[in-house]
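S.K.: predicted coordinates and the sequence they were generated for:
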Amino acid sequence: MNEIVITALGWGFLFYLNTRTIKKSEISRMKDRAIDRIEKTQEWYIKEYIKTKSDSERREIEDYFSGKISHIELRLAQLNKYIGKEIFLPECLVDWRAIDNTANNEKQKQEKLKIVHDISLDIIDYIESNYDSENNKPINLPFSNTYLLGLALGLASCYLFLKICQHFF
């Protein structure tokens, strides 16, 4: 009987650790996909912005860029929902939305591209630092919660009571 209880507790603990590991790896994968999307959006914007000649082309790029930013916001919202906490705030993308696409000469174009690059790096840094701060928290073992500790002690008491009863009867 002892072996069954110990085995069940061991399997329960392993199940908890496995589930936690799978969730952490999925969060990491989702975060990496969001960062990849940010990098690709930045590369696309720079490539397209360099080719533009007119204000109408820049407005088209701005509209498409806005759609890409909305897609990234959606990914971050999904990540927050999966985590169960608001650690990636969509406000981190506000600076990207505020970029002015007008440029009168080549020097202004290069300045805009540098700004886009810098903002992209800031967003990626924000996401990575928030992920690291959330991911580096100590492991909360199931018995750190008072309810689960009480449950475990109650089960242990019942088990000991049954063992004592078996011994006398």
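M.R.: Cool, the structure landed.
S.K.: for the helix or strand harbouring Ser56, name the packing helices and strands.
M.R.: Using DSSP states H and E, Ser56 falls within helix 55-83. Judged by 3 or more C-beta pairs under 8 Å, 6 or more residues apart in numbering; DSSP states H and E, the packing partners of helix 55-83 are helix 2-51, helix 94-97. Any C-beta I mention is one placed from the backbone N, CA and C, and that applies to glycine too.
S.K.: mind listing what's buried along it?
M.R.: By neighbour count with 16 or more other C-beta atoms under 10 Å, helix 55-83 contains the buried residues Arg58, Ile61, Glu62, Phe65, Lys68, Ile69, Ile72, Glu73, Arg75, Leu76, Leu79, Ile83.
S.K.: dump the residue contacts of the first one.
M.R.: The reference is to Arg58. Tyr49, Thr52, Asn101, Thr102, Ala103 (C-beta atoms under 8 Å, 6 or more residues apart in numbering).
S.K.: take those and lay them out in CSV including neighbour count, distance to Gln110 and pLDDT.
M.R.: Output for the contacts of Arg58, formatted as CSV (neighbours: other C-beta atoms under 10 Å; distance: C-beta to C-beta, whole Å; pLDDT from 0 to 100):
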residue, neighbour count, distance to Gln110, pLDDT
Tyr49, 20, 10, 83
Thr52, 16, 13, 80
Asn101, 18, 14, 74
Thr102, 11, 14, 75
Ala103, 17, 9, 69
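S.K.: out of those, who's nearest Ser129?
M.R.: When the contacts of Arg58 are ranked by distance to Ser129 (C-beta to C-beta), Tyr49 comes first, at 27.8 Å.
S.K.: contacting residues around the closest one?
M.R.: Counted by C-beta under 8 Å, 6+ apart, Tyr49 has contacts Arg58, Ile61, Asn101, Lys109, Lys112, Leu113, Val116.
S.K.: wait, which of those is closest to Leu9?
M.R.: Nearest to Leu9 among the contacts of Tyr49: Val116, at 54.4 Å, using C-beta to C-beta.
S.K.: name the SS class of that closest one, please.
M.R.: Following DSSP: H, G, I helix; E, B strand; the rest coil, the label given to Val116 is helix.
S.K.: thought it was touching Ile46?
M.R.: Yes - counting by C-beta atoms under 8 Å, Val116 touches Ile46, with 6.5 Å between them.
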